[in-house]
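> Next come a sequence and a model predicted from it.
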Amino acid sequence: MPDILGAIPPYIWVVFGAMIIVSITMVVVTQKKAGNYLNEHPDAVTIVLDQKAALGRSITVHTVNGEKAVVFTKGTQTAFYAPPGRVVVNATYAEQHQRLTKTVIEHYGPLDATLTLEPAGHYALGWDAEAQNFTLTRA
């Protein structure tokens with residue numbers, strides 16, 4: 001039986017190892033930022049990005065009240081924190097369509113969505129294709 005792993009050049013292993021280290025570091029730093037935000041804002045609201053049909057569709061949150069959003073992963077979902085009360089979230093929605101000869105990506109935004117949030121609540125931020133605007137539902 002041939003030694004498949006031995007046939008891979010050493011520089012590939014170095015690149016692969018570096019990618020794993022960078023990925024783990026990014027997750028740890030992101031989770032630490034999320035933890036720090038919660039320590040500073042104990043009544044923060046968790047908003048999960050609604051990815052019902054995640055294939056080819058995405059919501060990217062840029063800012064919350066003009067400040068960079070604290071985005072993190074919660075299990076398999078992407079979420080962000082926001083303070084309670086009236087909040088302005090700046091986000092972009094993108095949808096990818098596969099055509100016969102090419103891929104078309106439609107971008108909506110960046111758009112400002114004004115949300116009213118209750119302290120320590122859990123919400124889902126989604127997209128309404130007909131109204132072409134963001135929706136907020138209680139999770």
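Structure received.
> only C-alpha atoms for contact and neighbour calcs from this point on.
Noted.
> just how off-centre is stretch 104-115 within its chain?
14 Å (CA atoms, centre = their mean, to the nearest Å).
> quick one: buried residues of that stretch?
By neighbour count on 16 or more other CA atoms under 10 Å, the buried set for stretch 104-115 is Leu111, Asp112, Ala113, Leu115.
> can you pull the contacts of the second one?
Yep, that's Asp112 we're talking about. Val88, Val89, Asn90, Ala91 (CA atoms under 8 Å, 6 or more residues apart in numbering).
> isn't the last one right next to His107, touching?
It stands for Ala91. No - the criterion here is CA atoms under 8 Å, and Ala91 misses it with His107 at 10.7 Å.
> For the residue nearest to the spatial centre of the chain, give its distance to His97.
By CA atoms, centre = their mean, the chain has its centre lying nearest to Thr78, at 4.3 Å. Counting by CA to CA, to the nearest Å, the gap between Thr78 and His97 amounts to 22 Å.
> Same question for Ser23.
28 Å.
> Between the two ends of stretch 46-60, what distance do you get?
So stretch 46-60: terminal residues 15 Å apart, CA to CA.
> can you give me how far it is from the chain middle?
7 Å.
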